[in-house]
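*Asks:* Can you look at this prediction? I've put the sequence above it.
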Amino acid sequence: PDLSPGRSPDWRPLDLSLYLVADHAVCQQAGADLPEVVARSVAAGATVVQIRAKELPGGPFTDLAAQVCAVLPPSVPLLINDRIDVVLALRRRGLACAGAHVGQADLDVRDVRALLGDEAVIGLSAASPQQLRAAHTSAARIDYVGIGPLHSTRTKRDAPAGLGIDTVIERARDCTLPAVAIGGITPADMPALRSGGLAGAAVVSYICASADPGAATERLAAAWNAAPTWK
Ligand code: TZP
Ligand code: MG
C-alpha cells in the first residue's frame, strides 16, 4: 500500500477476525517454511499477519519479514512483534509493513506511535484489568489489544495459566478498544469469542504447527463465519 501522507492504506478498516501469529520457532520446530505458512494461511482466510521471531537478530528478522511481504496481498496488514527497528528497516526498503505488536515489557506505546507515525497499526498485549484500563485511556492511539492467554499454552514460555473464556470476554467488554484473544485457540473457541464480542482470534500453533496450514485456517475461518455475532 501507498504510505504517503494523506493516503489511506488498503488494510483499513482493520479486520482482526483471523489473526495469524507466524512464529519463527514454532514453524522451525514443525519443519515448516514461515513465508509458505503465511501464504497458505492468507489464501485460506487469515486477515492479519504478525511475525514473531524472539530468537532472530534484527538482520535475519528483517530478511524473513521481507520474504513475507513478497507473498502478502496489500489487503492483509503485516505487523512485527516487538521490533520497531525491524518495522523501520522494512519501510526503508520500501516494503509495506503496517506496524507493530508490542507487549507490556517492550517500548512504551507513546514512543512506538511517535516512531511509526499516525498511519501505523499498533497492537498491545494487555491482560489484567489495570493493563486494559491503561490501554484504553492511553494518550497514544492503540488500534487493538491482545488478551490472553485464553487457554494455557506451551507456545509462549512465560505465559501464565489460561484465563478462560468468561474472563477473556469480560475483560474485552470492559475495554473500549477492539480486542483479540490469544492462547491455545482452535476452531472450537470461535463461536464463544465472536458472540462474546471479541474482534478476532490470534493463533500460533494451530496454524503454524499444522501439517496443512491452509486447511487449519479454513477450519478456523469457517467456525468464525458460522458463529453468531455479538448483538
Ligand atoms: N501470547 C499469549 S499466549 C501466546 C502469546 C504469544 C501464544 C499463543 O500460541 P498458541 O500456539 O496459539 O497457543
Ligand atoms: Mg513483546
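*Replies:* Good, I have the coordinates. Ligands and ions are numbered 1, 2, ... in the order given.
*Asks:* quick one: low-confidence parts of the chain?
*Replies:* Along the chain, the model assigns pLDDT under 70 to residues 1-8, 231.
*Asks:* so where do the strands sit in it?
*Replies:* Assigned by DSSP state E, the chain shows strands spanning 18-23, 48-52, 78-81, 99-102, 121-125, 144-147, 179-182, 200-203.
*Asks:* and the longest one, what does it pack onto?
*Replies:* For strand 18-23, the elements it packs on are helix 34-43, strand 48-52, strand 200-203, helix 205-208, helix 213-226, judged by 3 or more Cβ pairs under 8 Å, 6 or more residues apart in numbering; DSSP states H and E. Using the backbone N, CA and C atoms, a C-beta is placed for each residue, glycine as well.
*Asks:* Residues of this structure that sit close to ligand 1?
*Replies:* Within the chain, the positions near ligand 1 by Cβ under 6 Å from any ligand atom are 148-149, 153, 155-156, 159, 182-185, 203-206.
*Asks:* could you dump the strands of the chain to a markdown table with distance to residue 165?
*Replies:* Putting the strands of the chain into a markdown table (distance: least, Cβ to Cβ, whole Å) gives the following:
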| stretch | distance to residue 165 |
| --- | --- |
| strand 18-23 | 17 |
| strand 48-52 | 21 |
| strand 78-81 | 24 |
| strand 99-102 | 22 |
| strand 121-125 | 18 |
| strand 144-147 | 11 |
| strand 179-182 | 8 |
| strand 200-203 | 12 |
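*Asks:* Save those as a markdown table, and put in mean neighbour count too.
*Replies:* Below are the strands of the chain laid out as a markdown table (neighbours: other Cβ atoms under 10 Å):
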| stretch | mean neighbour count |
| --- | --- |
| strand 18-23 | 27 |
| strand 48-52 | 25 |
| strand 78-81 | 24 |
| strand 99-102 | 25 |
| strand 121-125 | 24 |
| strand 144-147 | 25 |
| strand 179-182 | 28 |
| strand 200-203 | 26 |
